[in-house]
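coords please:
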Amino acid sequence: MAEKSPLLELAHVTQAYGTRDRRFTAVRDVNLTVREGEFVALLGPSGCGKSTLLRLIAGLQQPTEGGVLYRGTALSGVNPRATIVFQTFALFPWLTVQENVEVALKARSVPPKLRTARALDLLDRVGLDGFETAYPRELSGGMRQKVGFARAMAVEPELLCLDEPFSALDVLSAEALRGELLELWAKGVIPTRAILMVTHSIEEAVFMADRIVVMDKGPGRVAADLPVQLPQPRQRKAPAFLAVVDRVYAILAGQTQPEYLELGSAPGEPGLTRRLPPITINGLAGLLERVDELANNRADIYRLAAELTLDSDHLLHLTEAAELLGFATIAQGDMTLTPLGETFAEASILARKEIFATRLRRLPIFKWLLDTLRALDPSELEWEEVRAALEEKFHPEEAGRQLDIVIDWGRYSELLAYDDANGRIYLEPGGAPGPTPA
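Here you go, the predicted structure:
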């Protein structure tokens with residue numbers, strides 16, 4: 001069968017923000033093609049630029065470098081043939097279900113009688129016949145998202161973009177809506193030629209998509225482009241399904257690099273500063289304890305997700321933290337505890353704090369902050385001062401998030417103290433004796 005022509009093409013797309021002195025690159029040199037008839041999942045961890053790519057595809061912003069082509073023509077301005085369904089329902093609470101769908105048609109100057117007929121037809125297709133006069137507050141989360149789907153499809157987009165459309169729903173509602181969307185797509189009931197779905201859930205991507213484009217962060221880039229050659233409907237427990245899940249976990253988890261590459265650099269130094277993953281210390285300890293119970297202190301990461309009932313994004317953050325702190329190594333989708341990781345898993349509460357503090361002193365971002373505080377009299381800094389310094393390495397919002405993680409980890413290890421009332425960070429008395437490791 002001849003390959004269909006491209007509907008959408010991203011050619012060497014880079015998106016950067018900020019000034020020349022403080023420039024943050026969200027995505028770099030991304031190439032992506034979506035063809036008619038494809039359901040493509042854009043999969044990756046938080047912060048890898050997935051939503052940025054959707055905005056570029058919809059024409060809501062222009063790339064810093066590279067081009068966005070739609071049917072071979074460079075996109076200029078808003079893409080009239082693409083529409084986005086967001087993770088939040090974004091319905092107007094003062095409008096009825098029917099009026100919420102019609103509002104998209106009204107914006108395109110569709111005559112009243114035609115937009116009413118089209119809205120009613122779409123509501124019937126998505127299973128909301130009988131709820132036309134209901135208000136959003138009367139609907140469940142799943143039903144509200146169905147209204148969002150109907151509104152998006154009302155303008156008959158060739159390309160339907162989904163930005164984590166099931167993440168705001170409870171587990172059962174999300175599962176039901178995934179199945180219903182696949183049924184509508186398979187039967188050609190919805191007026192769209194291709195679907196591009198952003199997700200951070202590996203299982204969701206494998207369950208729904210024909211192709212999975214795996215992205216990595218720092219900055220966002222395409223790590224792999226995998227066809228999913230499994231017939232629909234797919235069975236989550238089938239060996240072939242699990243094999244694809246395992247393969248994707250292996251790509252996203254990566255492989256442990258030498259320490260000088262893993263740790264990165266500090267503010268004021270050249271090179272990439274490693275982001276600290278947003279995890280809790282208790283969550284990390286629980287993961288290490290579980291792997292410590294297994295043969296050879298080794299676990300298949302995708303099996304841990306099911307066993308611990310963690311979504312893939314959260315689990316990958318935990319494995320990243322274990323790797324960064326030297327508690328585990330990652331290779332081919334497996335996590336293996338290091339001797340230090342075994343010791344941490346089996347240690348007492350106070351011993352864990354000491355081990356954690358020792359490892360934090362090796363992280364460039366902590367070494368930089370501890371050295372800066374030691375050089376001051378008194379040894380304290382304003383939260384805003386530190387956040388501003390981190391903007392050299394991170395986008396302003398990410399700089400704030402990273403500083404919150406630094407404070408959380410620093411408090412646990414008793415290296416740092418923080419007074420939220422006056423927004424000041426302190427060197428914990430006796431918490432960081434001697435110079436930090438080189």
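
what stretches of this structure score poorly on pLDDT?
Counting by pLDDT under 70, the chain shows low-confidence ranges at 1-3, 18-22, 89, 255-262, 430-438.

domains of it?
Partitioning the chain according to automatic domain parsing yields domains covering residues 6-252, 256-276+363-438, 281-352.

chain center to the first one, what's the gap?
Taking the mean C-alpha point of domain 6-252 and that of its whole chain, the gap between them comes to 14 Å (C-alpha atoms, centre = their mean, to the nearest Å).

residue 238: neighbouring residues, count only.
Residue 238 has 11 neighbours, counted by other C-beta atoms under 10 Å. C-beta: built from backbone N, CA, C; applies to glycine.

which non-adjacent residue is nearest it?
Nearest-residue entry for residue 238: residue 230, 7.9 Å, with adjacent residues in sequence omitted and distances by C-beta to C-beta, 6 or more residues apart in numbering.

what does the nearest residue to residue 81 once chain neighbours are set aside show for phi and psi?
Using C-beta to C-beta, 6+ apart and skipping the chain neighbours, the partner closest in space to residue 81 is residue 158 (4.4 Å). With angles defined as degrees, to the nearest 10, residue 158 sits at phi -70, psi -40.

residue 158 and residue 83 touch, don't they?
No: contact status for residue 158 versus residue 83: not in contact, 9.4 Å apart, counting by C-beta atoms under 8 Å.

the more surrounded of the two?
Neighbour count, other C-beta under 10 Å: between residue 158 and residue 83, residue 83 has more, with 21 against 18.

and for the one helix or strand that one maps to, what's in contact with it?
Of the helices and strands defined by DSSP states H and E, residue 83 is found in strand 82-85. Counting by C-beta atoms under 8 Å, 6 or more residues apart in numbering, the neighbours of strand 82-85 from elsewhere in the structure are 8, 54, 57-59, 70, 145, 148-149, 152-153, 155, 157-163, 165.

now do 6 Å
Applying C-beta atoms under 6 Å, 6 or more residues apart in numbering, the set of residues contacting strand 82-85 from outside is 58, 148, 149, 152, 155, 157, 159, 161, 162, 163, 165.

ok, then the element right after that strand?
Past strand 82-85, heading to the C-terminal end, the next element that is a helix or strand (DSSP H and E) is helix 97-106.

can you give me the angle the helix or strand following that following helix makes with helix 97-106?
Scanning forward in sequence from helix 97-106, with DSSP H and E defining helices and strands, the next element found is helix 112-125. Taking axes from the mean of the first three to the mean of the last three C-alpha atoms, to 10 degrees, helix 112-125 and helix 97-106 form an angle of 130 degrees between their directions.

for helix 112-125, packing partners?
helix 97-106, helix 141-154 (3 or more C-beta pairs under 6 Å, 6 or more residues apart in numbering; DSSP states H and E).
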